[in-house]
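Below are the sequence and a predicted model; questions follow.
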Amino acid sequence: MTRPTPRTRGAELLLARISAAAGRASIGKRRATYAGAARTSPAPAGPVRVIRGLLAFARYGRSATTTCADARLDMYDQGLTVAVEGRIHVVRYDTTSVSVSVSVSASASASASQKSLRLPQRSARGGTTRTYTLTDVEGKRVVLYGGPEDSGAEEWGPEIQRAVTHARLPLATAALNRGERLTFGDVWLTREEVGSAEVSARWPQVQQIEIQQGPIRLNIDGDWHALAHTASEVPNLLLFCTLVERLRTDGVHS
């Protein structure tokens, strides 16, 4: 029987720092861990940590193996931590935004588009690469990268989107019920309307919404209009989709 590889002193200290940071942010119990390589990339809005190749996956305490251990993603009940280049970034699901950018190779482009209100959840394999841009509790952006070779991204990518939507949906619904306008990049919602700089419509006018890898389009009284040039321009796209479906359905029955 093979014995588990013992943690190094450095790994124990990193885990202690991660646990302390998660405790200060009150994000609950650790649920899963991914590990990989990391690099830093500049951006006009501030530091961006690009976590590349988060490959190895461990759930509920099982150890992970990876060829490079200088980046680590730990997922908790109410958020996640990203350890990279000696820093611990803490992200809360109820305060972060998450933007997803999808790049598809020519060999996979034939099956790239997904219509209706479902966020694309295709496998990261087959030439599809995704980047997930989050915001940590200090307001810094953290960019997670999942390429075609990164099977772990199939786990953490959709889970982050679901968790953010679950945490933010009650807050968004309450804000709408108070008469507030919610913004998703250049797109906005109220209880009565949906729109952007180019077009707006009351919910009973919206017959259908179509979300592809390219534009987000609205069918308003039988005519199609572009609401956003690309789905990746809309932060919290899954939350947006969920709200649109609820508001559109309410508009049909009102």
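Structure's in. What do you need? Fair warning: this is a prediction, and the values are worked out from it, not measured in the lab.

does L247 really touch E193, like I thought?
No - contact between L247 and E193 fails when scored by Cβ atoms under 8 Å: they sit 9.0 Å apart. Where you see a C-beta, it was placed from the backbone N, CA and C, and this is true even at glycine.

These two: who's more crowded?
Neighbours per residue, other Cβ atoms under 10 Å: of L247 and E193, the larger number sits with L247, 20 against 16.

And the more buried one, how close does it get to I209?
10 Å (Cβ to Cβ, to the nearest Å).

ok so, going back, common neighbours of L247 and E193, please.
W203 (Cβ atoms under 8 Å, 6 or more residues apart in numbering).

which residues of the stretch 151-254 of the chain fall in strands?
182-184, 187-189, 193-195, 200-202, 206-211, 216-220, 223-228 (DSSP state E, counting those that start in this stretch).

For S107, give me the pLDDT.
At S107, the model reports a pLDDT of 46.

rewinding a little: could you point out which of the strands of the stretch 151-254 of the chain sits nearest E154?
E154 sits nearest to strand 206-211 of all those, at 20.4 Å, using Cβ to Cβ.

Show me what counts as buried in the closest one.
Buried residues in strand 206-211, counted by 16 or more other Cβ atoms under 10 Å: V206, I209, E210, I211.

now stretch 177-189
L182, F184, G185, V187, W188, L189.

domains in the chain, as residue ranges please.
9-152, 179-253 (automatic domain parsing).

Low-confidence ranges, the chain, go.
The chain contains residues with pLDDT under 70 at 1-6, 35-71, 104-127, 147-151, 213, 251-254.

which secondary structure elements does the longest helix seen in the chain contact?
For the chain, the helix reaching the highest residue count under DSSP state H is reported as helix 153-177. Using 3 or more Cβ pairs under 8 Å, 6 or more residues apart in numbering; DSSP states H and E, the elements in contact with helix 153-177 are strand 30-41, strand 48-59, strand 71-76, strand 128-135, strand 141-146, strand 182-184, helix 237-253.

before we move on, back to that, and the strands of the stretch 151-254 of the chain as CSV, adding distance to T81?
CSV is the format used below for the strands of the stretch 151-254 of the chain (distance: least, Cβ to Cβ, whole Å):
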stretch, distance to T81
strand 182-184, 26
strand 187-189, 30
strand 193-195, 35
strand 200-202, 39
strand 206-211, 30
strand 216-220, 32
strand 223-228, 31
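
closest to E85 out of these?
strand 182-184 (30.7 Å).

What pairs with that closest one, parallel or antiparallel?
strand 187-189 (antiparallel) (DSSP bridges).

do you know how far E154 is from I211?
20 Å.

ditto for V82
28 Å.

relative to strand 141-146, how tilted is the longest helix of the chain?
Inter-element angle recorded for helix 153-177 and strand 141-146: 140 degrees (by axes from the mean of the first three to the mean of the last three Cα atoms, to 10 degrees).
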